[in-house]
Structure formats: C-alpha cells, structure tokens
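**Q** this is the structure alone, sequence omitted:
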Ligand code: BGC
C-alpha cells in the first residue's frame, strides 16, 4: 500500500515536472521554446503604412500559435514619444521580451536602458536601434541587397553599360533620416549607380544626390510628392509627348520604397505623365497600391520582403532566447549600432515586377487576387 502510494506520488511529481517543462517549452507551440506565461511586447511604427500592419498581424498570429502572449502596439502616426511611452508601459507591465521596430532608431537609448536593467532581451525588428547596448539581436532583410536590386534594375533598364553617348536623367528619393535602413538602401543603390553619375552617363539635374537631401520625413508619400512637384517645377521635367512642348526628360526615379514611389507617381501624374511617358521608378515592399501601379505602368519594380518569413525568424529567435538554446543568426559583422555589432538574422529580399508578382504574391497566398484587382 505504502509502496503504491509512493509510486503514485513519484508518478504525480514526474507528471507535474513534465507539465512544467512542457509549459516552459511552449506546450501549445510548434516545437518548443514558447510559454503560455511568456509575454512578447511588440512595438511597431504606424498603422498608416500597409507593411507594418502586415508585420504586426503576422507576428501576433505566429507568436500566439507558438503559445506566447502578445502585447502589440503601434506608435500612432510615427510618433516617437508615443512609441517610447508604449515601451515604458510594456516594461512596467513585465513583458519578457521586446520586439521593436523603431520610428527613430536614435531615440530609444534611455528607455532601452530600463529594459536592460529589467533583464528584458530586445530584438530590433527590421530597423536597427542605434546608440544602445540593450539591443540583443536584430532581425531584418538584407537591406543593402534591396538597394542593389533597385540600382541594378535601373542599370539594366537604361542599358547603362552600353557604350552609347546617350545620357539619362535621374532623381533620387529615400526614406526617413531617423531610419538607419536608409543608409543600406541608398548605399546599395548608389554602389551600382554612382559610377554612372561620375562618368556623366547619368545626370541628376537637381543636383540632389546626398542622402540627407533626398530623405523623405516619415517615409510619407505626401512629402515625396511635394518634393517631386518642386523638382518638376524647378528643373522643368515633363512628359516627352510629341506636342511641341519643350520640357526636360526624366528617365528614372530611384525610390527606396513603395510609399515614396507612390508620392512621386502622384506628382508625375499631376504633371501629365502617363504610362507611355513615365520614367522608370523603383520601389520596395510590394504594397497593394504599388502592385496596382506596376500593373498600370506607373511603377517599374518593387522588392518583395515576405513579412511572414521575418515574423517566423523572430518567433524562432524568441523561442531560442526563452528556451536557452542557440539563437538563429547569420550575420555577426555588418550591423554596428555605434555601441556594438548586433548579432543579426538576415532574410533575402526578392526582385518583383509585372512578370513575377503573381507567382510571388498571389500563388504564395500573400494577397488574394481580389485585393489587387479590388
Ligand atoms: C522598411 C521598409 C519600409 C520603410 C517605410 C523601412 O525601414 O524596411 O520596408 O518601406 O521602412 O516604412
């Protein structure tokens, strides 16, 4: 009898231990690491840009499927103070891990010092957080490659390698000065295009080729539109219709992403450009509006960054952090935030245009055809 009781007790304790272990490893999850008691605080820049809504939805879904609790917040309309106070609140509420896409990568030093003091690991999401030792890991796409995809597209579209005397006019648009990514996007594109500016094969008639001159505050389409309208007025760019109106040709606009491309597109439509006379315009994100613009002949390419993949990488990183196993990273040299080189997981961005958008976006279930044809 006593023996049996002991057996039952041993079995009960073993079962309880197993349950604890399962809970700690994310019993409801897809392979360990998660925990029903573990809360992930996710702070994203804004709901006004489609991509962050997708990123948020994907992360929430995947974290919850892995058994984590999620506190997902957006920083209003790219409002830095809102983002900081949301992160402060998450820290006080006792989140276990923070996943942050910074509105301004230079403004989180103080709040993240508090995270560090509370032993909360921080994953910088998509954008590197600068000037802090509190960022534990970084998950993003290969942002330099995004830029080289855009630059190489323009190099091929304008056949810049050819020996002909033809000279092409180009203007440049990148994103918010507080977003560290712009140095990678713009740097990658310029790696390809600068030699042609130097040789005179490409000319930028506004003279605005410095990253800070071509930055777009908040990546806001309206700001890009206003700057393009100014360039149209000051340089005299216009569609090359055979109507005897003399205007300056514009052959290409290097835009670092879709929201800036959309602003530029609006300005050009307003100035009378149409599908036949549009310059080559680059983009990134495969926003629904930009896919439509590509189909209308108003945007030439985009770069597909599958936010489902990025979310899956971040979930894998968090599982490893929580489970104490090796965190999946594949870059330990490129992302120096001025305090330390942050161990990073890079995903691959993919070139997209009217020839492959359907395979990339519809066949993989990223969008439904209805969302595009609306
Ligand atoms: C992201 C881009 C996005 C841009 C504007 C960048 O940091 O990497 O995908 O288009 O922010 O939100």
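**A** All right, it came through fine. None of the values given here were measured: they were computed from a predicted structure.

**Q** and the stretch 1-150 of the chain, which residues reach the ligand?
**A** Residues of the stretch 1-150 of the chain that fall close to the ligand, judged by CB under 6 Å from any ligand atom: 49, 51, 126, 127. In short, each C-beta sits where N, CA and C put it, glycine included.

**Q** do you know the pLDDT at the third one?
**A** Okay, so that is residue 126. As predicted, residue 126 sits at a pLDDT of 98.

**Q** so who does it touch?
**A** By CB atoms under 8 Å, 6 or more residues apart in numbering, the contact set of residue 126 is 55, 101, 139, 140, 141, 181, 310.

**Q** redo that, cut-off 6 Å
**A** Residue 126 sits next to 101, 140 when contact means CB atoms under 6 Å, 6 or more residues apart in numbering.

**Q** can you list the low-confidence ranges for this structure?
**A** Along the chain, segments meeting pLDDT under 70 span 1-36, 242-243.

**Q** among the residues of the stretch 1-150 of the chain next to the ligand, which are located in helices?
**A** Within these, residues falling in helices by DSSP state H are residue 51.

**Q** from the residues of the stretch 1-150 of the chain next to the ligand, which two are the most distant?
**A** 49 and 127 (12.7 Å; CB to CB).

**Q** how many other residues sit next to the closest residue to residue 239 other than its chain neighbours?
**A** Closest residue to residue 239 apart from its sequence neighbours, by CB to CB, 6 or more residues apart in numbering: residue 277 at 3.7 Å. By other CB atoms under 10 Å, the residues close to residue 277 number 16.

**Q** about what we covered before: turn the residues of the stretch 1-150 of the chain next to the ligand into JSON lines, columns for distance to residue 37.
**A** Below are these laid out as JSON lines (distance: CB to CB, whole Å):
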{"residue": "49", "distance to residue 37": "33"}
{"residue": "51", "distance to residue 37": "31"}
{"residue": "126", "distance to residue 37": "27"}
{"residue": "127", "distance to residue 37": "29"}
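
**Q** list the contacts for the nearest residue to residue 193 once chain neighbours are set aside?
**A** Leaving out its chain neighbours, the residue that sits closest to residue 193 by CB to CB, 6+ apart is residue 151, at 4.9 Å. By CB under 6 Å, 6+ apart, the contact set of residue 151 is 189, 192, 193.

**Q** and which of those is nearest to the ligand?
**A** residue 189 (13.8 Å; CB to the nearest ligand atom).

**Q** neighbours around the closest one, how many?
**A** Residue 189: 27 neighbours (other CB under 10 Å).

**Q** near the ligand, which residues of the stretch 201-350 of the chain?
**A** Contact residues (CB under 6 Å from any ligand atom) of the stretch 201-350 of the chain with the ligand: 219, 257, 259, 284, 285, 305.

**Q** for the third one, give me phi and psi.
**A** Summarising the backbone geometry of residue 259 under the convention degrees, to the nearest 10, its torsions are phi -70, psi -40.

**Q** cool, residue 303 as well?
**A** Dihedral angles (degrees, to the nearest 10) for residue 303: phi -120, psi 130.

**Q** what sits against it?
**A** Listed by CB under 6 Å, 6+ apart, the contact partners of residue 303 are 146, 149, 284, 349.

**Q** if we use 10 Å, what do you get?
**A** Listed by CB atoms under 10 Å, 6 or more residues apart in numbering, the contact partners of residue 303 are 141, 143, 145-147, 149-150, 153, 185, 256-258, 282-286, 349-352.

**Q** beta-bridge partners for it, please?
**A** Beta-bridge pairing of residue 303 under DSSP bridges involves residue 351.

**Q** a markdown table for the residues of the stretch 201-350 of the chain next to the ligand, including secondary structure?
**A** Shown next, in a markdown table, are these (DSSP: H, G, I helix; E, B strand; the rest coil):
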| residue | secondary structure |
| --- | --- |
| 219 | helix |
| 257 | coil |
| 259 | helix |
| 284 | coil |
| 285 | coil |
| 305 | coil |
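
**Q** residue nearest the centroid of this structure?
**A** By CA atoms, centre = their mean, the chain has its centre lying nearest to residue 126, at 5.1 Å.

**Q** tell me the phi and psi of that residue?
**A** Torsion angles, degrees, to the nearest 10, at residue 126: phi 70, psi -50.
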